[in-house]
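[1] What follows is a predicted protein model with its sequence.
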Amino acid sequence: MSMLEALSQCWWLGETCVPEWEAWAAAAAIVAVLTTAVLGIVTYRLGKAANRASDVAVRIAGHQAEKQAHREESERLLVLVQITSEVSSVAGLLDHLLGLLRQDNCEAVFVADENVQNRVFGRLNKLSFPSMERVRDRLHYLDRRTAACFVRAVGMFELLQSGDKHRDGTETQDELRAGFRVLRATIPLIIEDLRVVEAEGVAAVNRLGLNKDLKNWPFGNGDD
């Protein structure tokens, strides 16, 4: 008896004690089909589970993105509300100063009279932007144009103020005339930038429902 026959005595797949390999092949095919079917079912269920997990992950990511967008929008509105009053006030005062500088013969008077120079720079030096320091690290929440206008306006304003620090009474008439013209040319640019920021701030105040009728406010709003 061969070793194969010794290992295969009287198997149920054969009519004799020697296995019938055709029967074994058929059985192997059945097993392969069953295995494939089981694997297909498992794969299908795993796929559905993966899809469910993916859907949950997408929903969570979307929810987190919405929360982040809401936080950023809230920060933007709060920054605008914080700076709008100051921006509007400085723009208004600069507009008034510009009106004085545009009066007839103002340039000649400015060049000739040191007291006039002191009054002009005195008004300029009374203005400031303390809110800039409070919101400097949050300016990135504003859109680029609004933030750029605010930063540029403050930068030009501080540049004008620095001109007063360099006055020592020895300036020539040409230097004073040039300084006056710089003031009159730069202030409108500052006002223009501040009005851009102011408009965004007013929109933010309206969106938050903070706009109030100030007609009966004890301090007034310039309507009387």
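    Good, I have the coordinates.
[2] Tell me where the model's unsure across the protein.
    1-35, 37-44, 46-70, 212-224 (pLDDT under 70).
[3] And the strands in it, which stretches?
    Counting by DSSP state E, one finds no strands in the chain.
[4] how near is residue 131 to residue 157?
    Going from residue 131 to residue 157 by Cβ to Cβ, to the nearest Å gives 13 Å. (Each C-beta comes from the backbone N, C-alpha and C, glycine too.)
[5] Neighbour count for those two, which is higher?
    The neighbour count for residue 131 versus residue 157, taken as other Cβ atoms under 10 Å, is higher for residue 157 (23 against 18).
[6] Identify the spatial nearest neighbour of the more buried one, chain neighbours not counted.
    Of all residues beyond its chain neighbours, the one nearest residue 157 is residue 190 (5.4 Å), with distances taken as Cβ to Cβ, 6 or more residues apart in numbering.
[7] Likewise for residue 101?
    Once its chain neighbours are removed from consideration, residue 101 has its nearest residue in residue 184; the separation is 4.9 Å (Cβ to Cβ, 6+ apart).
[8] tell me the contacts of that neighbour?
    Contacts for residue 184 (Cβ atoms under 8 Å, 6 or more residues apart in numbering) come out as 98, 101-102, 107.
[9] out of those, which are buried?
    With neighbours counted by 16 or more other Cβ atoms under 10 Å, these contain buried members at 98, 101, 107.
[10] how about those residues in a markdown table, adding distance to residue 117?
    As requested, the buried ones among the contacts of residue 184 are exported to a markdown table (distance: Cβ to Cβ, whole Å):
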| residue | distance to residue 117 |
| --- | --- |
| 98 | 16 |
| 101 | 12 |
| 107 | 12 |
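[11] nearest to residue 202, of these?
    Closest approach between these and residue 202, by Cβ to Cβ: residue 98, at 21.4 Å.
[12] Pretty sure the closest one sits against residue 188.
    Yes: A contact is recorded between residue 98 and residue 188 when judged using Cβ atoms under 8 Å, the distance being 6.4 Å.
[13] rewinding a little: closest to residue 127 among the contacts of residue 184?
    Closest approach between the contacts of residue 184 and residue 127, by Cβ to Cβ: residue 98, at 12.6 Å.
[14] ok, and the closest non-adjacent residue to that closest one?
    Skipping the residues right next to it in sequence, residue 98 comes nearest to residue 187 by Cβ to Cβ, 6+ apart, at 4.8 Å.
[15] who's in contact with that neighbour?
    94, 97-98, 101, 160.
[16] repeat that with 10 Å
    Shown in contact with residue 187 (Cβ atoms under 10 Å, 6 or more residues apart in numbering): 94-95, 97-98, 101-102, 124, 156-157, 160.
[17] Helices - which of the residues you listed land there?
    Secondary structure assignment by DSSP state H places 94-95, 97-98, 101, 124, 156-157, 160 of these in helices.
[18] Mind putting those into CSV with distance to residue 112?
    Output for these, formatted as CSV (distance: Cβ to Cβ, whole Å):
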residue, distance to residue 112
94, 24
95, 25
97, 19
98, 20
101, 15
124, 19
156, 27
157, 26
160, 21
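[19] quick one: buried residues of stretch 197-215?
    Going by neighbour count (16+ other Cβ under 10 Å), the buried part of stretch 197-215 is 197-201, 204-205.
[20] Can you tell me which of those residues is closest to residue 45?
    residue 204 (51.7 Å).
[21] The closest one against residue 79, yeah?
    Yes: taking contacts as Cβ atoms under 10 Å, residue 204 lies within contact range of residue 79: 8.4 Å.
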